[in-house]
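A.B. asks: Test case, fold it:
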Amino acid sequence: MVRRGLVREISFLLCLALLPALGQAFYFRDRISWRKPARQDEITVSQARSLTGTVMWLDARPDGEFAAGHIPGAKLLNAEHWDGLLPEILNAWTPGQKVIVYCSKQSCDASHEVARRLREEANLKNVFVLQGGWEAWQESAK
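C.D. replies: All right, here's what the predicted structure looks like:
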């Protein structure tokens, strides 16, 4: 008999503890996004392929990954060697040229960091990040 009463009390307390969470879930039901939203500076592979004019591709991955394979014509520009690689990139860049930065996977932030620094430190416009990175490019080539 004591055990049944204890189970009933525990169940009641659990339901009582869940009430605020259920209330918030109901109230904010239209404001919750379960999926990571695309950032404003991101571009898909198909959008990148449809760009007109010359595009500069920048690989933000480590040197070894770049050497193992990269988008044809891409140049290496990563945070580790920023100061040494940036002058070559700026010499190759032409005004108005679109720049697309990528790294190794969708959750990689290296490409976002390189793109941010290009905008802020090098004052480049039209800098985008490839959504899905190197893997998305490889998948689209199949």
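
A.B. asks: And the strands in this structure, which stretches?
C.D. replies: Secondary structure of the chain, counting by DSSP state E: strands at 42-43, 55-59, 75-76, 98-102, 127-130.

A.B. asks: can you put these in CSV and add distance to Leu118, mean neighbour count and mean pLDDT?
C.D. replies: Every C-beta, even on glycine, is put in place using the N, C-alpha and C of the backbone. CSV is the format used below for these (distance: least, CB to CB, whole Å; neighbours: other CB atoms under 10 Å; pLDDT from 0 to 100):
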stretch, distance to Leu118, mean neighbour count, mean pLDDT
strand 42-43, 14, 19, 91
strand 55-59, 8, 21, 96
strand 75-76, 12, 18, 96
strand 98-102, 6, 25, 96
strand 127-130, 5, 24, 95
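
A.B. asks: do you know which of the ones you listed lies nearest Gly69?
C.D. replies: Evaluated over the strands of the chain, closeness to Gly69 peaks at strand 55-59, with 9.7 Å, by CB to CB.

A.B. asks: OK, contacts around the nearest residue to Val55 once chain neighbours are set aside?
C.D. replies: Spatially, and ignoring its direct neighbours in sequence, Val55 is nearest to Lys98 (5.0 Å; CB to CB, 6 or more residues apart in numbering). Counting by CB atoms under 8 Å, 6 or more residues apart in numbering, Lys98 touches 51, 53-56, 126-128.

A.B. asks: circling back to that earlier point, dump the strands of the chain to JSON lines, plus distance to Ile89.
C.D. replies: Compiled in JSON lines, the strands of the chain are given as follows (distance: least, CB to CB, whole Å):
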{"stretch": "strand 42-43", "distance to Ile89": "18"}
{"stretch": "strand 55-59", "distance to Ile89": "7"}
{"stretch": "strand 75-76", "distance to Ile89": "6"}
{"stretch": "strand 98-102", "distance to Ile89": "9"}
{"stretch": "strand 127-130", "distance to Ile89": "11"}
